[in-house]
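sequence first, then the predicted structure:
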Amino acid sequence: MRPLIIFFVLLLISGNVFAEINILSSAKRIEKFIPGHPRNITNKAEFLPASQGIIEAEGGMFINIPLNKSKGSFRYVGFGPFKLIPGSKYILSCGLQTKYFHNLLILATFFKAGDLKHGKFVDLNNIASSSFMKINKEFIFPANADRMILWLGGQADRGKRLAAGPAVFIKNLKMQRQAPLTAKLELKSIYGKNLLKIENFQSFSTGKVDFEAIQLVNRTKKPYKAEIIDSEKGIKALAVNYKKGDYPYVHFLGKTAPVFGNLVRFSCRIRGNGKISLGLWWHRKMIGTYYQHSKMITLSKQWQDISVVYACDEPLSDSAAGSITCRGNKVDFQISKINISIIKP
């Protein structure tokens, strides 16, 4: 009996660990386009005001594609923001059904109160099911955020366009906190250590670089140009020249490590011209990779220290790779330091 009393005392002190948010019945629906939209678009064409994009029916809702906005392949409605507990695991659950040749996209924007501009968007799921099904998606809410906006999207199959009218049916959409993140004893020797095979380019000779020494995958498309240079006195860097049509991902392969269920940081020192995204690829045993990436970052001639932190929610993952993704028609950059590490909660 005594352990049960202690449990309830701790529960009163810390708040209800198992608090549930019924999103469809209690959450604020977003009517106006905001900068935290997951795709960071500028023409607002992918955003649907809730009053136009949601039809309530059968105890749930449809994502509705208006006739005058049926071109293209994505449309999103938004809910929130929700106040969540930093450094916690949550489960997002719902029942869903999609129109033939359509998918449901589930994304989120994590941010701090009053700082939506620097919010980070995260892909939570991408599902197609023409018959009704239930899902439970576990995700980690990071310690550097305290608010979340949930985005639900209708997506047409590749090469197709969204059909006007109801595209996705969703029911019993809920979010529930599971537990706080805690440090794992078995990772004591790994926390904070660089998981990349290389940390800088000091040991490389100047000139053309052996791509396989730093790349995650063999490129199936035309490779970008890359070479080791003396960027300044005593410092070597990898110089990349990308133009439209080249393979856009500059990968850095991490060592085998238990990344699943943990927060992972990818950081680098970089300068150049053009726009990039910083991202992490989770290597999943036998079924390939899954990629999460930041919004676009504009490079400058001055060195910048930039980083992203993502939670690995992919159960088969046994390593992570950092990626500089080139955006636009032309990107030139130099990178001198790189690091991937698991963050101790």
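In hand now; what should we look at?

burial check on the nearest residue to residue 305 once chain neighbours are set aside, number of neighbours?
Nearest residue to residue 305 in three dimensions, chain neighbours excluded: residue 269, at 5.3 Å (C-beta to C-beta, 6 or more residues apart in numbering). Using the backbone N, CA and C atoms, a C-beta is placed for each residue, glycine as well. Residues near residue 269, counting by other C-beta atoms under 10 Å, number 17.

name the SS class of residue 269, please.
Per DSSP: H, G, I helix; E, B strand; the rest coil, the secondary structure class of residue 269 is strand.

beta partners for it?
residue 305, residue 337 (DSSP bridges).

now residue 330
Residue 330 forms beta bridges with residue 243, as assigned by DSSP bridges.

now the residue nearest to residue 305: how far from residue 95?
46 Å (C-beta to C-beta, to the nearest Å).

distance between the ends of stretch 249-257?
Stretch 249-257 stretches 22 Å from its first residue to its last (C-alpha to C-alpha, to the nearest Å).

and it, how far out from the chain middle?
On the basis of C-alpha atoms, centre = their mean, to the nearest Å, stretch 249-257 sits 17 Å off its chain's mean C-alpha point.

show me the contact partners of it.
If you take C-beta atoms under 8 Å, 6 or more residues apart in numbering as the criterion, stretch 249-257 is touched by 190, 195-198, 214-217, 224, 226, 238, 240, 281, 318-326, 335, 338, 340, 342.

what residues sit buried inside it?
Buried residues in stretch 249-257, counted by 16 or more other C-beta atoms under 10 Å: 249-254, 257.

go through the residues you listed and name the one nearest residue 141.
Residue 141 lies nearest to residue 257 out of the buried residues of stretch 249-257, by C-beta to C-beta, at 22.0 Å.

mind telling me what element the closest residue to residue 270 other than its chain neighbours is part of?
In this structure, residue 270 finds its nearest non-sequential neighbour in residue 335, 4.8 Å apart by C-beta to C-beta, 6+ apart. Per DSSP states H and E: residue 335 is located in strand 317-342.

model confidence for residue 220, exactly?
Note on residue 220: pLDDT of 61.

now, of the contacts of stretch 249-257, which are buried?
With neighbours counted by 16+ other C-beta under 10 Å, the contacts of stretch 249-257 contain buried members at 190, 195-196, 214-216, 224, 226, 238, 240, 281, 318-326, 335, 338, 340, 342.

okay, which residue is most central for this structure?
By C-alpha atoms, centre = their mean, the chain has its centre lying nearest to residue 122, at 3.1 Å.

measure that residue to residue 137 for me?
Per C-beta to C-beta, residue 122 is found 11 Å from residue 137.

equivalent analysis for residue 23, please.
As judged by C-beta to C-beta, residue 23 and residue 137 stand 13 Å apart.

cool, residue 304 as well?
For residue 304, the distance to residue 137 - C-beta to C-beta - is 33 Å.

show me where the stretch 1-150 of the chain has helices.
Under the criterion DSSP state H, counting those that start in this stretch, the stretch 1-150 of the chain contains helices at 2-14, 23-26, 50-53.

ok, of the ones you listed, where does mean pLDDT dip lowest?
In terms of mean pLDDT, the lowest-scoring of the helices of the stretch 1-150 of the chain is helix 2-14 (a mean of 41).

who touches residue 117 in this structure?
So residue 117 contacts 35-36 (C-beta under 8 Å, 6+ apart).

hmm, try it at 6 Å
Contacts for residue 117 (C-beta atoms under 6 Å, 6 or more residues apart in numbering) come out as residue 35.

what pLDDT does the model give it?
Here, the pLDDT recorded for residue 117 equals 78.

same question, residue 69
69.

same question for residue 197.
The per-residue pLDDT reported for residue 197 equals 83.

ok, for it, nearest residue in space, not its chain neighbours?
In space, residue 197 comes closest to residue 253 once its chain neighbours are excluded; the distance is 6.1 Å by C-beta to C-beta, 6+ apart.

do residue 246 as well
Closest residue in space to residue 246, ignoring its immediate chain neighbours: residue 224 at 4.2 Å, by C-beta to C-beta, 6+ apart.

go on, residue 344?
According to C-beta to C-beta, 6+ apart, the nearest residue to residue 344 is residue 191 (3.9 Å).

same thing with residue 157?
Nearest residue to residue 157, sequence neighbours excluded (C-beta to C-beta, 6+ apart): residue 101, at 4.6 Å.

now swap in residue 99 and tell me
Leaving out its chain neighbours, the residue that sits closest to residue 99 by C-beta to C-beta, 6+ apart is residue 167, at 5.1 Å.

still on that earlier bit, who's in contact with the residue nearest to residue 305?
For residue 269, the contact set (C-beta under 6 Å, 6+ apart) comprises 303, 305, 336-337.

of the residues you listed, just say which sits nearest to residue 111.
residue 305 (20.8 Å).

buried residues, stretch 150-170. List them.
By neighbour count on 16+ other C-beta under 10 Å, the buried set for stretch 150-170 is 150-156, 162-163, 166-170.

tell me the two of those that are most distant?
Across those, the longest distance by C-beta to C-beta is 23.8 Å; it joins 150 and 163.

perfect, that will be all.
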